[in-house]
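**Q** Here is my input, please return the structure:
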Amino acid sequence: MQLFYSPDIHDNADTFSFSREESKHIVKVLRKAIGDLLYITNGKGWLFTAEIQFISNNSCTAKITSKEKQVKRNYSLHLAVAPTKMNDRYEWFLEKATEIGIDSITPIFCDHSERKVIKPERFERILQSAMKQSLNCYLPTLNKALSFKAFVAQKFEGALFIAHCENTNKTSLKQQLQAKTAITLLIGPEGDFSTNEIELATKAGFLPVTLGETRLRTETAAIVACHSVAFINEL
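**A** Reported below is the predicted structural model:
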């Protein structure tokens, strides 16, 4: 099954015209013809089945023949993760987290962050590609990058956690997780959160947690947390 993504298709649409680039892909790569079926999502949970009505080298129009709303997960996960020094590691996290299941991602700049600039357009493309590859009809929200201080100053709902490596009183994330809840979790940079950041987060209501006995890379910690939340909600 080949899944296409377009944020412009609405749940009451009757027909849909693909972009020039996607039309070329449909014709020249997939070699589709009139009457063939295509599958499209708008990233908001809808899966559309469409039959090709018109096709050319640069244009493809399809008629919507059916639609269904994908059941949304019974929990929500928001990961605030510091950008890694190497961009490809953060991009790997974005891809895998989308496959496992995540709702919202916020890049956060911390005291020990080595990277202070990101490319949100590229991150968005990775999220879209991972959503299509995993046949998921919900596109995770990529929020605007914020400083750590600005992020924790916001109001949140549900359970709040900060994972760090300092030798202080912490509890296991897996012991604290509960199914069917909203979760926000902070993951720091390669140099970990600073003592001041941990104190700020704790005062803001974030519970310090550990993800295991070993020291994890930023992107690995984020994936471990993502999988732990998914696993708890499968029981």
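**Q** mind listing what's buried in the lowest-mean-pLDDT helix or strand in the chain?
**A** The weakest-scoring helix or strand in the chain, judged by mean pLDDT, DSSP states H and E, is helix 20-24 (a mean of 89). Of all the residues in helix 20-24, those buried under the rule 16 or more other CB atoms under 10 Å are 22, 23, 24. Every residue, glycine included, has its C-beta placed from N, CA and C.
**Q** what sits against the residue nearest the centre of the chain?
**A** Centroid-nearest residue in the chain, with CA atoms, centre = their mean: residue 140, separated by 3.8 Å. Counting by CB atoms under 8 Å, 6 or more residues apart in numbering, residue 140 touches 97, 98, 102, 103, 104, 105, 127, 131.
**Q** Just the buried subset of these, please.
**A** Of the contacts of residue 140, these count as buried by 16+ other CB under 10 Å: 97, 98, 102, 103, 105, 127, 131.
**Q** Would you mind measuring from residue 116 to residue 81?
**A** Distance, residue 116 to residue 81, using CB to CB, to the nearest Å: 14 Å.
**Q** swap in residue 226?
**A** Residue 226 is 10 Å from residue 81, by CB to CB.
**Q** Pull up the gap between the residue nearest to the centre of the chain and residue 76, please.
**A** Separation of residue 140 from residue 76 (CB to CB): 11 Å.
**Q** can you pull out the strands in the protein?
**A** Secondary structure of the chain by DSSP state E: the strands cover 3-5, 15-17, 37-41, 46-55, 60-69, 76-81, 104-109, 141-142, 146-147, 159-163, 171-172, 182-187, 207-210.
**Q** looking at these, which is closest to residue 234?
**A** strand 76-81 (13.4 Å; CB to CB).
**Q** In the sheet, which strands lie alongside that closest one, parallel or antiparallel?
**A** strand 104-109 (parallel), strand 182-187 (parallel) (DSSP bridges).
**Q** pLDDT (mean, whole number) over the first one?
**A** In this model, strand 104-109 has an average pLDDT of 98.
**Q** next one: the last one
**A** Strand 182-187 shows a mean pLDDT of 98 in the predicted model.
**Q** now the angle from that strand to strand 159-163?
**A** 10 degrees (axes from the mean of the first three to the mean of the last three CA atoms, to 10 degrees).
**Q** can you dump the C-alpha coordinates of strand 182-187 into PDB?
**A** Below are the C-alpha coordinates for strand 182-187, written out as PDB (Å, rounded to 0.1, in the frame of the first residue of the first chain):
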ATOM      1  CA  ALA A 182      -1.300  12.700  28.500                       C
ATOM      2  CA  ILE A 183       2.500  12.700  29.000                       C
ATOM      3  CA  THR A 184       5.100  15.300  28.500                       C
ATOM      4  CA  LEU A 185       8.700  14.300  28.900                       C
ATOM      5  CA  LEU A 186      12.000  16.300  28.700                       C
ATOM      6  CA  ILE A 187      15.100  14.800  27.200                       C
END
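**Q** Flag the shaky bits of the protein, pLDDT-wise.
**A** For the chain, the stretches with pLDDT under 70 are 235.
**Q** Thanks a lot, catch you later.
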